[in-house]
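S.K.: generate a structure from the sequence data that follows.
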Amino acid sequence: MSTVLVAAGAAVRVFLVLCDTIKLLNAQPEIVTTFSSFENVHEAMFLQSNGHSPYEGEYFHRMPLILDMFNLIPSQWYPFVFILVDCISAMILFSTCSIMMSRSGGEENNPFERQMISKVKINSVTGANQWGYIDYLGTFDVNPQDAPSLVAVAFLFNPFILLCCGVMNLNSLAFVLGIFALNRTLSSGDYVTSALAFSLAVYLDIHYIFLILPLSFQLLQDRSTKALFFILLTTAFYSLLLLKSCEDIRTCTYQGYFKVMQLEDLSPNIGLWWYFFIEMFPQFSKMFLFLFLLAPLVYMLPLASSLYDRPMFLGHVMLIIIHTQGPYPDFFGVGLLSSLIFMHPYAVKRMSLLVPAMLICVGTCFLLPVMRTMWLHAGSGNANYYYFQTLFLQFCISFLTLQFIRGGMLRNIYIDVFKKALGAPKKAQ
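M.R.: Here you go, the predicted model:
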């Protein structure tokens with residue numbers, strides 16, 4: 001990966017820090033939420049330094065190790081920690097994509113697929129190939145060999161990621177650990193380092209527990225005992241983290257994990273939960289909250305059963321779902337969606353309406369603060385103005401995610417059929 005590229009991405013972030021954007025952007029609920037706000041860490045550190053519990057403020061909902069980490073760093077260096085994290089994340093994504101593209105038998109290096117694509121001819125009007133089947137191949141041209149650099153650029157210069165870095169969004173800390181764990185299992189099958197990184201990611205954000213499926217599937221491709229040792233080591237590392245960092249494990253786990261799941265803070269954000277539960281009758285709120293929290297299992301288990309042979313694709317889909325479909329989503333999830341899909345260029349080639357959906361998504365993100373200002377400050381609107389924009393945004397996010405998954409699944413179907421039928425793909429459903 002080009003050093004100039006990383007330096008340019010870091011320079012843009014340093015410029016944001018020098019412009020003192022933190023104070024300006026910290027008040028924007030689209031960029032930072034109660035769960036990802038670094039201001040809450042500041043408050044918890046102040047309470048802890050004065051002999052109080054960091055959870056007394058009712059706003060800090062993270063595990064205490066994050067306080068110990070930032071207590072070791074001078075406060076003026078906090079923004080540069082997040083700049084470094086973003087640069088490392090970009091390098092990990094570049095490395096992972098390069099391995100998938102270059103390794104023999106890798107997820108993005110299938111000789112049958114290259115042969116099939118060379119024979120497919122798509123009608124630009126009907127969208128059908130020469131066999132009469134609808135195929136969106138080629139609707140968005142991505143050169144697979146350029147994918148690693150494209151991913152790095154899409155992450156380093158993504159406006160959503162830049163804004164989140166400018167406010168020191170805490171989601172980036174768990175993310176870099178999660179993708180590092182995926183990279184280690186892919187590159188060398190190093191289950192020890194991967195287990196350590198994964199346990200830290202789960203410690204910081206319990207939703208990352210779903211990554212245990214793609215990580216285990218990747219290790220099972222090498223040797224089954226590695227997957228077992230990985231799970232055992234992850235359990236041991238995570239237990240050790242809890243014992244060493246928490247004086248009262250019950251309080252820490254409740255405040256760090258389950259308090260957020262109770263959805264007590266219903267301040268506006270780019271998700272759908274806050275408005276739904278504001279309008280919900282109190283007697284039904286617990287039932288619907290249980291159903292909403294159960295929803296990720298409804299997504300993850302069918303995906304795992306269908307994509308177990310493509311663990312990196314499964315892992316990236318899970319990361320997108322974790323950061324876009326939770327109770328407190330922000331622009332970090334939108335930035336990940338618009339970056340991670342390019343890790344899999346052959347799936348992107350089969351995504352329909354990719355550019356229009358992304359343009360609508362970006363336009364809606366611009367309208368969100370406008371509608372919020374009209375509602376809360378100018379008094380010329382109401383909550384529906386803002387909520388309708390979140391509906392549009394979540395529709396676009398869901399559409400892009402489903403198209404990405406569909407593109408990946410069609411890929412598998414067409415390759416299998418091509419092997420058996422000498423180039424005639426199975427009809428897309």
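S.K.: now do stretch 369-380: distance to the chain's middle.
M.R.: 29 Å (Cα atoms, centre = their mean, to the nearest Å).
S.K.: now what about that stretch, what contacts it?
M.R.: Contacts of stretch 369-380 with the rest of the structure, by Cβ atoms under 8 Å, 6 or more residues apart in numbering, involve 28-30, 268, 381-383, 385-386, 388-389. Using the backbone N, CA and C atoms, a C-beta is placed for each residue, glycine as well.
S.K.: can I get those in CSV with neighbour count and secondary structure?
M.R.: Below are those laid out as CSV (neighbours: other Cβ atoms under 10 Å; DSSP: H, G, I helix; E, B strand; the rest coil):
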residue, neighbour count, secondary structure
28, 15, coil
29, 19, coil
30, 23, coil
268, 20, coil
381, 16, coil
382, 12, coil
383, 16, helix
385, 17, helix
386, 27, helix
388, 14, helix
389, 22, helix
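S.K.: by pLDDT, rank those residues and give me the bottom one.
M.R.: Comparing pLDDT over these, residue 381 scores lowest. The value there is 76.
S.K.: report how many residues lie close to the closest residue to that one other than its chain neighbours.
M.R.: Among residues not flanking residue 381 along the chain, residue 374 sits closest, at 3.7 Å (Cβ to Cβ, 6 or more residues apart in numbering). Other residues within reach of residue 374 by the criterion other Cβ atoms under 10 Å amount to 15.
S.K.: cool, residue 412 as well?
M.R.: Counted with other Cβ under 10 Å, the neighbours of residue 412 add up to 17.
S.K.: show me the shaky parts of this protein.
M.R.: 1, 105, 113-144, 223-224, 417-429 (pLDDT under 70).
S.K.: residue ranges for the helices of the stretch 1-150 of the chain, please.
M.R.: Counting by DSSP state H, counting those that start in this stretch, the segments of the stretch 1-150 of the chain that form helices are 3-18, 21-25, 38-49, 65-71, 78-102, 111-119, 147-156.
S.K.: neighbouring contacts of the helix or strand containing residue 286?
M.R.: Assignment of secondary structure by DSSP states H and E places residue 286 within helix 282-306. Taking Cβ under 8 Å, 6+ apart as the criterion, the residues outside helix 282-306 that touch it are 207, 210, 213-214, 217, 261-263, 273, 276-277, 280, 314, 317-318, 321-322, 325, 327, 405, 409.
S.K.: quick check on those: which are buried?
M.R.: 207, 210, 213-214, 217, 261, 263, 273, 276-277, 280, 314, 317-318, 321-322, 325, 327, 405, 409 (16 or more other Cβ atoms under 10 Å).
S.K.: circling back: need the helices of the stretch 1-150 of the chain in a markdown table with mean neighbour count and distance to residue 356, can you?
M.R.: Compiled in a markdown table, the helices of the stretch 1-150 of the chain are given as follows (neighbours: other Cβ atoms under 10 Å; distance: least, Cβ to Cβ, whole Å):
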| stretch | mean neighbour count | distance to residue 356 |
| --- | --- | --- |
| helix 3-18 | 15 | 27 |
| helix 21-25 | 15 | 28 |
| helix 38-49 | 17 | 35 |
| helix 65-71 | 16 | 40 |
| helix 78-102 | 20 | 25 |
| helix 111-119 | 13 | 24 |
| helix 147-156 | 22 | 18 |
